[in-house]
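> I would like to see how this sequence folds:
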Amino acid sequence: MSIDRIVMAFAGSMILVSLALAHFFSEWWLLLAAFVGLNLLQAAFTGFCPLAIVLKRAGCSTGPAFR
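Residues are numbered from 1 along each chain as shown. Okay, the predicted model is just below:
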């Protein structure tokens with residue numbers, strides 16, 4: 001699996017976990033979803049993604065978005 005797909009899967013998972021935690025525990029967990037969304041937005045414009053950097057160093061194959 002390429003870095004692009006891993007990043008999208010991880011971001012989607014974090015947003016879903018955040019929504020579940022907000023529903024069952026506290027609305028403050030929505031800040032996690034907001035953080036993930038903002039990080040995805042800035043990565044779309046700058047190409048900088050901390051998770052992509054970690055995955056690249058771990059030896060995952062690159063995709064078209066994160067080189």
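> CA only for contacts and neighbour counts going forward, please
OK.
> check contacts around the residue most central in space within the chain.
In the chain, the residue lying closest to the centroid (C-alpha atoms, centre = their mean) is A11, at 3.1 Å. Going by C-alpha atoms under 8 Å, 6 or more residues apart in numbering, A11 touches V36, L40.
> Please identify which helix or strand holds it.
Take DSSP states H and E as the rule and A11 turns out to sit in helix 3-24.
> List the buried residues for the helix or strand hosting F35?
Under the criterion of DSSP H and E, F35 resides in helix 30-46. With burial defined by 16 or more other C-alpha atoms under 10 Å, the residues of helix 30-46 counted as buried are L30, L32, A33, V36, G37, L40, A43.
> Quick check: the fifth one vs V7, distance?
G37 is 12 Å from V7, where distance means C-alpha to C-alpha, to the nearest Å.
> re the thing from before, now do the helix holding F35, average pLDDT.
Average pLDDT, helix 30-46: 94.
> Distance from that helix to the middle of the chain?
The chain centroid and the centroid of helix 30-46 are separated by 7 Å under C-alpha atoms, centre = their mean, to the nearest Å.
> so that helix versus helix 3-24, what angle?
160 degrees (axes from the mean of the first three to the mean of the last three C-alpha atoms, to 10 degrees).
> just checking, what packs against helix 30-46?
In terms of contacts (3 or more C-alpha pairs under 8 Å, 6 or more residues apart in numbering; DSSP states H and E), helix 30-46 is packed against helix 3-24.
> Which positions in the helix it packs on come out as buried?
Neighbour-count burial for helix 3-24, counted by 16+ other C-alpha under 10 Å, picks out I3, D4, V7, A11, M14, I15, V17, S18, L19, L21, A22.
> Could you point out which of those is nearest to P64?
D4 (7.5 Å; C-alpha to C-alpha).
> I figured the closest one hits T62, correct?
Yes - assessed by C-alpha atoms under 8 Å, D4 is found in contact with T62 at 7.1 Å.
> mind pulling up the phi and psi values for F48?
In terms of degrees, to the nearest 10, the main-chain angles of F48 are phi -90, psi 120.
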